[in-house]
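Engineer: just need the structure, nothing else, for what follows:
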Amino acid sequence: MNRASILLLVFLFLPFIQSCITSQKTVMRNDPLIGKIIDVQNHKAIDFNTLIDRISAFDIIYLSEKHDNPDHHRFQEKIIQALIDSGKKPAIGFEFFAMDNTPDLINFVESGKTQHSDEDIKFIETDLRRKLGWDTQSDEMWSYYLSLLNIARKNSLFAAGIDLGSTLKKRITRKGINGISALESEQIFSTRMDNTAYKDYMFSIFKDVHCGMEHGNMQSRLYDTWVARNDKMAQSIVRMAKHHAPPVVIIIGGGHTRYGLGVIDRVSAINKDLGQVNIDLSEISTQPSELSDYFDLLDLEGFAPVPPSDYMWFSQRVSYADPCEEFKESLKKMKSSAGSK
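Structural biologist: The predicted structure is shown next:
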């Protein structure tokens, strides 16, 4: 097995490895930041009502999550419900669903207009899960997003997928953006925002995520997928904002929004007039840290030094285990085997 194959396997399966590890409960660390909402600009704590008052005027509200943290999804539910209670009717966009899934999401929301038995509702939910391709995902992960969709269903909120389709994402990861067919390429929107410093920054993140393993060709393909996804999500968000009164609430992983890069800067490139605010639903660090440690500026050539988000709402960690440490010996053997071939 060559190193590129190894890296592809790690890329595909490390999230599942991490999921298995996080299911093994460890001793949780108490931290005074847990539950606190911080205004990142001045490092001051604010209460929940103040947060809602401040974000309500924005066109786009990002609720940036760690996908498997249940607290983050509870925070999202609380924010969306507060916006509804204040008289807003937010549209909700989901990273985890493709734009092509939007008709199925709309059908699900519109099913709330009709009275159904509990058995019928269960069937409708199961049918949606199958159509979205989530019947192979864990019940726990599905429940997080179903809960948000049920809020949309109960309150007749517009819901949409914003990402590329899963098969096209996999094709780009395997082939690279220049290796897919011309017809596939026409399905991909591009902001043409290319920056060497940002690319190098993302390469370093890919290396960290994959426990120090790196391979130029694979990282290039991962970057191609990353850029294609961010461009597509930015385009989808702008379209949602065009057709729906604000706010548009986006359920998305924190890596796509941190430091205003990934999706946020691309939305601005498409429509600079849209007001955006990012609430980073952030786990506390593995070791006790000062509040200021969470707000390091990203100093990247070609970009203004900025903090990671506008607001941080801190939560407990799902796990303190290090997946790279857990599988260090296995990865070492894999790399050694690859090097000997």
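Engineer: which residue sits closest to residue 293, ignoring its sequence neighbours?
Structural biologist: Spatial nearest neighbour of residue 293, chain neighbours left out: residue 285 (7.2 Å); criterion: Cβ to Cβ, 6 or more residues apart in numbering. C-beta coordinates here come from the backbone N, C-alpha and C atoms, glycine included.
Engineer: quick one: residues contacting the closest residue to residue 40 other than its chain neighbours.
Structural biologist: Closest residue to residue 40 apart from its sequence neighbours, by Cβ to Cβ, 6+ apart: residue 307 at 4.7 Å. Going by Cβ atoms under 8 Å, 6 or more residues apart in numbering, residue 307 touches 40-41, 259, 295-297.
Engineer: switch to 7 Å and redo it
Structural biologist: The contact partners of residue 307, by Cβ atoms under 7 Å, 6 or more residues apart in numbering, come to 40, 295, 297.
Engineer: could you report the separation of the second one from residue 258?
Structural biologist: Same thing as residue 295. From residue 295 across to residue 258, the span is 12 Å (Cβ to Cβ, to the nearest Å).
Engineer: now swap in residue 101 and tell me
Structural biologist: Relative to residue 258, residue 101 is positioned 25 Å away (Cβ to Cβ).
Engineer: of these two, who's got more company?
Structural biologist: residue 101 (23 against 20; other Cβ atoms under 10 Å).
Engineer: after the worst-scoring helix or strand of the chain on mean pLDDT, which helix or strand is next? Please name it.
Structural biologist: Lowest on mean pLDDT, DSSP states H and E among the helices and strands of the chain sits helix 3-22, with a mean of 42. Using DSSP states H and E, the helix or strand that directly follows helix 3-22 along the chain is strand 37-39.
Engineer: distance from the chain centre to the helix or strand in which residue 224 is found, please.
Structural biologist: According to DSSP H and E, residue 224 maps onto helix 216-243. Mean-position distance between helix 216-243 and its chain equals 12 Å (Cα atoms, centre = their mean, to the nearest Å).
Engineer: was I right about residue 153 contacting residue 108?
Structural biologist: Yes: in this structure, residue 153 is within contact of residue 108 by Cβ atoms under 7 Å, at 6.2 Å.
Engineer: before we move on, the earlier item: buried ones in the helix holding residue 224?
Structural biologist: Residues 218-241 are the ones in helix 216-243 that count as buried (16 or more other Cβ atoms under 10 Å).
Engineer: which helices and strands sit right next to it?
Structural biologist: Judged by 3 or more Cβ pairs under 7 Å, 6 or more residues apart in numbering; DSSP states H and E, helix 216-243 is in contact with helix 3-22, strand 91-98, strand 159-163, helix 166-175, helix 196-209, strand 248-253, helix 264-270.
Engineer: can you tell which of these is closest to residue 316?
Structural biologist: Of all the helices and strands packed on helix 216-243, helix 3-22 sits nearest to residue 316, with 11.9 Å by Cβ to Cβ.
Engineer: give me the pLDDT for residue 253.
Structural biologist: With respect to pLDDT, residue 253 scores 97.
Engineer: now for it: which residues touch it?
Structural biologist: The neighbours of residue 253, taking Cβ under 7 Å, 6+ apart as the test, are 64-65, 67, 95.
Engineer: closest to residue 197 out of those?
Structural biologist: Closest approach to residue 197 among the contacts of residue 253 (Cβ to Cβ): residue 64, at 22.0 Å.
Engineer: count of neighbours near the residue lying closest to that closest one once chain neighbours are set aside?
Structural biologist: If the residues on either side of it in the chain are set aside, residue 64 comes closest to residue 254, at 4.1 Å by Cβ to Cβ, 6+ apart. For residue 254, the count of nearby residues is 21 (other Cβ under 10 Å).
Engineer: which residues does the most centrally placed residue in the chain bridge with?
Structural biologist: Closest to where the C-alpha atoms of the chain average out (Cα atoms, centre = their mean) is residue 253, at 1.7 Å. On the basis of DSSP bridges, residue 253 is bridged to residue 65.
Engineer: distance of it from residue 234?
Structural biologist: Distance, residue 253 to residue 234, using Cβ to Cβ: 14 Å.
Engineer: check the gap between the residue nearest to the centre of the chain and residue 162 for me.
Structural biologist: 12 Å.
Engineer: which neighbours do the two share?
Structural biologist: With Cβ under 7 Å, 6+ apart as the test, residue 253 and residue 162 both reach residue 95.
Engineer: want to throw the contacts of residue 253 into TSV with pLDDT, distance to residue 125 and neighbour count?
Structural biologist: Formatted as TSV, those follow (pLDDT from 0 to 100; distance: Cβ to Cβ, whole Å; neighbours: other Cβ atoms under 10 Å):
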residue	pLDDT	distance to residue 125	neighbour count
64	98	26	28
65	98	21	25
67	96	20	18
95	98	20	22
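Engineer: okay if I get those residues as CSV plus distance to residue 206?
Structural biologist: Formatted as CSV, these follow (distance: Cβ to Cβ, whole Å):
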residue, distance to residue 206
64, 19
65, 20
67, 17
95, 18
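Engineer: between which two of those residues is the distance greatest?
Structural biologist: 64 and 67 (10.6 Å).
Engineer: please produce TSV containing the helices and strands packed on helix 216-243, extended by distance to residue 313.
Structural biologist: Formatted as TSV, the helices and strands packed on helix 216-243 follow (distance: least, Cβ to Cβ, whole Å):
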stretch	distance to residue 313
helix 3-22	20
strand 91-98	18
strand 159-163	22
helix 166-175	29
helix 196-209	23
strand 248-253	14
helix 264-270	17
